[in-house]
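In: Fold the following, please.
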Amino acid sequence: MSNVLKIILGLFGLLIVLVLAAVVVIPLVVDPNDYRAQVAEAVEERTGRSFEIEGEISLSVFPWLGLEIGGMRLGNPPGFGEQPFARIDSASVGAKLLPLLFRRLEVSTLKLDGLDLELVRLADGENNWSGLAGGPGEPEAEPAQDAGEPGPETGGFSLEQIGGLEISDARIRHEDRGSGSITELMIPKVTTGKLVPGTFFPLEAEVALVQQRGAGETALRATLEATARLADQALSVRGLELRLEMSGPELPGGTQTARLAVPETELDTQAQSLEIPALTLEMASLQVDASLSGKRVIDAPVLQGRVQAEEFSPASLMRALGMAPPETADAGVLKAASLESEFHVEEGRVTLDPLQGRLDDTRLDGSATLEPGETTRVRARLAVDTIDLDRYLAPAEEAPAEAPPGDGALAFDWLRGLDLDASLNVEQLGISGLSLTAVELRAVADDGVLDLAPLSANLYEGTVRGSARLDARDTPATFSLRQSLENLQLQPFASDLADFDRLSGTARLDADLSTRAASSSALLSGLQGDLSFDLADGAFTGVNLWYEIRRAWALMRGGEAPQRESENTEFRRLSGTAQISDGVLVNDDLVGGLPFLALEGEGKVDLAGGEMDYRLQATVIREAVDQASGEISELAGATVPLRLRGPLDSPSVSVAVEDLVRDRAEQEVLRRLGVEEDKSLEDELKDRARKLRDRFRPDD
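Out: You can find the predicted model right below:
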């Protein structure tokens, strides 16, 4: 046993002597600078590019087997200029000597200073980084390695620790000469603590990213602090805090700042899994909290989690982003909003389900799926409780502004790249002064065509059902509308829609309309189509046709005007059909039943100009009563021509009493002549003239 100990001690002593000899002899005998030419030649042969070691090479043996290089320069391939592809001011690395004897690898701090990398892509797509790994030819595929064999990066050694990582004053520049864009990544500092597998180490970094495109420049500067752990192909990060400063003409307000805090992150590259239980993003006046988990994160990422935007003020957020909030009719809107949803991301498709949000007093529930691409695919199902859109419109002007000479063209290019299927249900909706309930809408868009069907709602005790289509396959686009309206109460509807409260009753309306959507003004002026209407049990306030007829008759007879009992024209029914061409409605078959009057006629309405012109025939029924005497009116049975024309909200009424007087005179003459009532005076006179001529005609 003592002999064995002597042998072991002897070998150990010999080893110490050899190590000490190496520490003394190798630096004296070996000068690594003598091999710079051979190293450069080997690199040039491998890469096909010029290579030069500009600085001194230092070699140390004990206690670290280390290498330090003062500077290196790697050239560009032909056609990319004389400037170097890559330069390094200095780099150093070392491994502790004694642990190497026991196949343990303890690496010193890896230092890299002054890296300058120039990446260039020419207009034809050729770049200056291709082929570096394998020289001019394609790199040979490395043989497969058994999972149990030690990796080539350690050469069978067990990696115990790395003293740390220090990168300073690094710069990576990418120039795309085809698009003219230049992107620079500058890394002033990256430092870590001791890297020991399975234990956490501190990490600090400062980076800046600048992109130039034309005369514009966008910059991003970031600082990062965290602790991390590397173990068994897994990365754990604790307490990550990332601060961003962004500037550029494309950013709202020119500059923005943001903060990202991630308390915990777990990434397993072997299992391809990612877990982020919580993260917080703060930007402007907005705070977003989220959680995230993922699988197949390397091959085909599938991400899911939850995102929540805490209550914020949209108006304040817009101001923080350098944008002026819009002026609204209600100054109390855009004060509170929130959003919460679970999300799923797979193959470029983003799904939000369930999706919940709030804007002021309005709540939204539903789901949505978005798949960007050459054609953007959207699927959505949304439900809203109550919203008054008029509150969010611009405030009404005190005085009407002069109409502009023309308005801009309507463009629907966005529709050609949209694949949409979305449904919307609103319990109560306010729009253009109207109040609608049980609104149901489905929008389907494909290949430049947008269909809205169904398009229905409950409206002032009535129902509206129909569909609409916007066809943008040609220019200008075509808009068509088919609607059926039943049991609409006219008075509250017209009052809320246009502040017009002179018409009441119950309405039925069927419309089949179309127009060219070249501009907003052309929507009315280019309107075409057919409609039918039927109004029942109503009144037109401010015009009393029966009174106007009696007044004109009395004045024609030289009497006093009768007393006006009412300011309204009541009707039991008004109906007809109409054709619309170039924004002008033409109605040739108006029929109406009024107290004491049967009405028929024709007319037209300029929808864009708001003017009307109607010629009517009002026949006084034989049961008409003179309200002053209570007897049958002397106008009973008479037909009176009327004309209504002028603005829709205040038309003037004219009564052609002279025609009535002439008719009455003819009737009196016919009565005295003993002629039946259904024969005109003109026909009677013609008959008598013919008989007289026949009497005095000489015999043939």
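In: Which parts of the protein are helices?
Out: Secondary structure of the chain, counting by DSSP state H: helices at 2-29, 36-47, 97-100, 314-320, 413-416, 490-498, 522-525, 545-556, 657-673, 681-696.
In: domains for the protein, by residue range?
Out: As assigned by automatic domain parsing, the chain contains the domains 326-394+411-501, 518-655.
In: how far out from the middle of the chain is the first one?
Out: Okay, so that is domain 326-394+411-501. 13 Å (C-alpha atoms, centre = their mean, to the nearest Å).
In: same question, the last one
Out: In terms of C-alpha atoms, centre = their mean, the gap separating the centre of domain 518-655 from the centre of its chain is 48 Å.
In: Just the endpoints, please. Distance across it?
Out: 42 Å (C-alpha to C-alpha, to the nearest Å).
In: How about stretch 286-306?
Out: 17 Å.
In: In it, which residues are buried?
Out: Neighbour-count burial for stretch 286-306, counted by 16 or more other C-beta atoms under 10 Å, picks out 286, 288, 289, 290, 292, 293, 294, 297, 302, 303, 305. For the C-beta atoms, the positions are set from N, CA and C on the backbone; glycine is no exception.
In: what do you get for stretch 194-209?
Out: Quick answer for stretch 194-209 (16+ other C-beta under 10 Å): 195, 196, 200, 201, 203, 205, 207, 208, 209.
In: circling back: now the domains of the chain as TSV including mean pLDDT and distance to residue 44?
Out: Listed next are the domains of the chain as TSV, based on pLDDT from 0 to 100; distance: least, C-beta to C-beta, whole Å:
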stretch	mean pLDDT	distance to residue 44
domain 326-394+411-501	92	43
domain 518-655	81	67
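In: could you redo these as CSV and give each row mean neighbour count and distance to residue 38?
Out: Shown next, in CSV, are the domains of the chain (neighbours: other C-beta atoms under 10 Å; distance: least, C-beta to C-beta, whole Å):
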stretch, mean neighbour count, distance to residue 38
domain 326-394+411-501, 16, 50
domain 518-655, 16, 77
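In: Could you dump the ones you listed into JSON lines and include distance to residue 318?
Out: Below are the domains of the chain laid out as JSON lines (distance: least, C-beta to C-beta, whole Å):
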{"stretch": "domain 326-394+411-501", "distance to residue 318": "8"}
{"stretch": "domain 518-655", "distance to residue 318": "26"}
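In: Please identify which of these is closest to residue 95.
Out: The closest of the domains of the chain to residue 95 is domain 326-394+411-501. By C-beta to C-beta, the value is 42.9 Å.
In: for that closest one, how far is the first residue from the last?
Out: 32 Å.
In: same question, stretch 582-602
Out: OK, stretch 582-602 end separation, C-alpha to C-alpha: 18 Å.
In: Can you tell me which of the buried residues of stretch 194-209 is closest to residue 603?
Out: residue 209 (69.6 Å).
In: Surely that closest one and residue 185 touch.
Out: Yes - using C-beta atoms under 8 Å, residue 209 makes contact with residue 185 at a distance of 5.4 Å.
In: Which stretches in the stretch 151-300 of the chain count as strands?
Out: 158-176, 181-192, 200-213, 216-231, 234-247, 255-268, 273-283, 286-295 (DSSP state E, counting those that start in this stretch).
In: repeat for the stretch 551-700 of the chain
Out: 568-581, 584-594, 597-606, 611-620, 639-647, 652-655.
In: The last one packs against which elements?
Out: Spelled out, it's strand 652-655. With contacts defined as 3 or more C-beta pairs under 8 Å, 6 or more residues apart in numbering; DSSP states H and E, the packing partners of strand 652-655 are helix 545-556, strand 639-647.
In: for the first one, same thing?
Out: Taking 3+ C-beta pairs under 8 Å, 6+ apart as the contact definition, the neighbouring helices and strands of strand 568-581 are strand 528-541, strand 584-594.
In: Could you export the ones you listed as CSV, including distance to residue 179?
Out: Formatted as CSV, those follow (distance: least, C-beta to C-beta, whole Å):
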stretch, distance to residue 179
strand 528-541, 47
strand 584-594, 53
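In: Can you check which of the ones you listed gets nearest to residue 367?
Out: strand 528-541 (36.7 Å).
In: so the closest one versus strand 639-647, what angle?
Out: Relative orientation of strand 528-541 versus strand 639-647 (axes from the mean of the first three to the mean of the last three C-alpha atoms, to 10 degrees): 110 degrees.
In: can you list contacts of strand 528-541?
Out: With contact meaning C-beta atoms under 8 Å, 6 or more residues apart in numbering, strand 528-541 is reached by 490-491, 501-515, 567-582, 585.
In: repeat for stretch 309-324
Out: Contacts of stretch 309-324 (C-beta under 8 Å, 6+ apart): 251-254, 256, 284-289, 325, 334-340, 358-359.
In: got it, and stretch 194-201?
Out: 159-165, 192-193, 227-232, 236, 238.
In: Need the distance between the two termini of that stretch.
Out: Note: stretch 194-201 ends 6 Å apart using C-alpha to C-alpha.
In: If anything else comes up later, I'll come back, but that's it for now.
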